[in-house]
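> sequence plus the predicted model coming up.
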Amino acid sequence: MIYEYFALNDIANSTKSNKSFYRKENLVDAKAEEAKENDLEARKENEVVDKVEERNETKNGDRNKIDTKPDIISDETENVNAEAPKEEKDDDDEEEDSDDYDDEQTKPGEPGEKTTANESQVSSKEGSPGHQCLNEDFQPKHSVSVWTMLNDNPAYVGGALKMGRGAKKYTKIPFDLVVMELESKPLTAEQWVDLHAAGFVKCIVDHILAPAKTRFDLAEKFAVLHVWAMTVYDTVLFLDADTLVNNSLDSLINLDMQGKTIGVTKDIRGGKWVETFNSGVLLLHPSLDEYNRLRKLLSSGIVFEYIMSDQGFLNEVYKDDWYEIGFVNNANLALYKFKRDFWDEHPLDQINVIHYTMKKPWKCKGKDGTYGPICKVWEEAD
């Protein structure tokens with residue numbers, strides 16, 4: 001993709017320079033024509049700038065009225081970013097997916113500039129609604145919630161439906177089942193018919209700008225940080241949409257993290273255990289102070305593993321402050337391939353959450369050689 005990007009730039013630059021290349025006998029006319037074109041382009045650029053400034057002034061006025069909302073990336077900023085070519089992965093890649101979104105994801109806009117500490121923080125004054133949801137119909141009912149995040153990729157909607165139905169089927173603790181939806185990438189009315197039927201409620205949130213070096217197709221995933229500001233809940237369990245709830249979540253929700261800020265499990269890469277964690281299953285207790293700290297750190301220039309997006313950031317922030325929730329609460333499909341003996345030590349009916357990292361569940365089939373039996377579990381789920 002990098003080579004294609006520079007190739008496209010070379011073509012664009014070549015095209016622009018060719019505008020001024022004419023035969024010598026027509027040089028005067030060519031320069032006059034080029035001057036006219038440049039003048040026209042300058043006027044168009046000024047019109048766009050004026051439009052963006054006017055729109056930003058309107059948005060800034062709205063923010064002054066509601067101090068519990070972080071900045072929203074402008075439509076102009078998102079639309080100027082071209083969509084990069086997509087690269088298809090082999091079904092039996094020897095490496096685990098470096099993210100929980102696959103190559104089908106619709107590409108978001110490139111990360112914007114850093115926000116200031118004031119812009120990224122949320123007021124904790126009395127009267128705050130205790131959540132970051134922009135939609136007025138968001139009405140929390142319980143003190144516990146299970147969340148996932150969706151954009152405009154329909155495949156992940158199907159994954160979320162099975163995950164949500166499993167959570168409702170097996171878990172006795174009352175909880176709200178919530179989909180975090182980006183304001184810039186709303187789901188369709190038809191998709192919400194299915195999601196509501198599965199028990200999901202909608203929480204629309206703002207885009208959170210990612211650091212410039214973040215892998216661009218995963219930049220939007222920083223919106224997950226909003227869950228820390230959902231103080232209307234005592235406990236939040238965040239599950240990626242490529243997970244399947246195979247058993248009760250009660251023990252995980254009630255887990256004593258012994259003073260640690262988050263509950264996650266150790267990751268595996270290249271067939272080996274690593275010291276970092278996988279955040280596809282994330283347990284936490286919301287806190288505005290912690291949310292503001294995360295937003296400030298994100299805009300501070302903190303260095304982390306950018307290719308891993310929000311997971312890389314969280315690993316840097318919580319490298320000494322996470323509690324191991326155990327394999328049964330995030331059974332990473334990479335272990336099924338590279339650590340099969342370890343996987344087989346845990347009966348399937350004792351695994352609470354299966355995480356389809358190596359191969360997305362909607363892509364794998366029960367007849368597949370490597371992951372067939374685990375793919376079949378997802379196929380047969382409600």
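Nice, thanks for sending it over. Numbers count the residues shown, from 1 in each chain.
> any idea which helix or strand in the protein has the lowest mean pLDDT?
helix 75-79 (a mean of 33; mean pLDDT, DSSP states H and E).
> the longest strand seen in the chain pairs with which strands?
Assignment by DSSP state E gives strand 272-284 as the longest strand of the chain. Looking at strand 272-284 with DSSP bridges, its partner strands are strand 235-239 (antiparallel), strand 262-269 (antiparallel).
> who's in contact with it?
100, 224, 227-228, 235-240, 242-243, 252-253, 255, 257, 261-268, 305, 310-311, 314-315, 318-319, 322, 325, 329-330, 332, 338, 353, 355, 357 (Cβ atoms under 8 Å, 6 or more residues apart in numbering). Using the backbone N, CA and C atoms, a C-beta is placed for each residue, glycine as well.
> swap the cut-off to 7 Å and go again
Residues outside strand 272-284 that contact it (Cβ atoms under 7 Å, 6 or more residues apart in numbering): 100, 227-228, 236-240, 243, 252, 255, 261-268, 310-311, 314-315, 322, 325, 329-330, 332, 353, 355.
> swap in stretch 188-196?
Outside stretch 188-196, the residues that reach it (Cβ under 7 Å, 6+ apart) are Val157, Leu161, Val179, Lys202.
> tell me the two of the residues you listed that are most distant?
Greatest spatial distance in the contacts of stretch 188-196: Leu161 and Lys202, 14.2 Å, computed using Cβ to Cβ.
> mind listing the strands for the stretch 251-382 of the chain?
For the stretch 251-382 of the chain, the strands defined by DSSP state E, counting those that start in this stretch occupy 262-269, 272-284, 322-324, 331-332, 353-355.
> one more: the stretch 101-250 of the chain?
So, for the stretch 101-250 of the chain - with DSSP E, counting those that start in this stretch - the strands run 144-150, 176-182, 200-205, 235-239, 243-245.
> go through the last one and flag the buried ones.
For strand 243-245, the buried set under the neighbour-count rule, 16 or more other Cβ atoms under 10 Å, comprises Thr243, Leu244, Val245.
> let me see the ranges of the helices in the stretch 151-300 of the chain.
For the stretch 151-300 of the chain, the helices defined by DSSP state H, counting those that start in this stretch occupy 154-170, 189-197, 250-253, 288-298.
> can you count the residues close to Gly369?
Neighbours of Gly369 under the rule other Cβ atoms under 10 Å: 7.
> and it, how far is that from Lys337?
In this structure, Gly369 and Lys337 are 11 Å apart, going by Cβ to Cβ, to the nearest Å.
> what pLDDT does Arg215 get?
Arg215 is assigned a pLDDT of 88 by the prediction.
> could you find the closest non-adjacent residue to it?
Ile307 (4.8 Å; Cβ to Cβ, 6 or more residues apart in numbering).
> now the contacts of stretch 188-196 as CSV including pLDDT?
Output for the contacts of stretch 188-196, formatted as CSV (pLDDT from 0 to 100):
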residue, pLDDT
Val157, 97
Leu161, 98
Val179, 98
Lys202, 98
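> hang on, the earlier thing: mind checking pLDDT for the residue nearest to Arg215?
For Ile307, the predicted pLDDT is 94.
> quick check: it touching Lys213?
No: applying Cβ atoms under 7 Å as the test, Ile307 and Lys213 come out as separate, 9.0 Å apart.
> ok, back up a step: buried deepest among the strands paired with strand 272-284, which one?
strand 235-239 (a mean of 23; mean count of other Cβ atoms under 10 Å).
> tell me the angle of that strand relative to strand 144-150?
Strand 235-239 runs at 30 degrees relative to strand 144-150, counting by axes from the mean of the first three to the mean of the last three Cα atoms, to 10 degrees.
> okay, angle between strand 235-239 and strand 176-182 too, please.
60 degrees.
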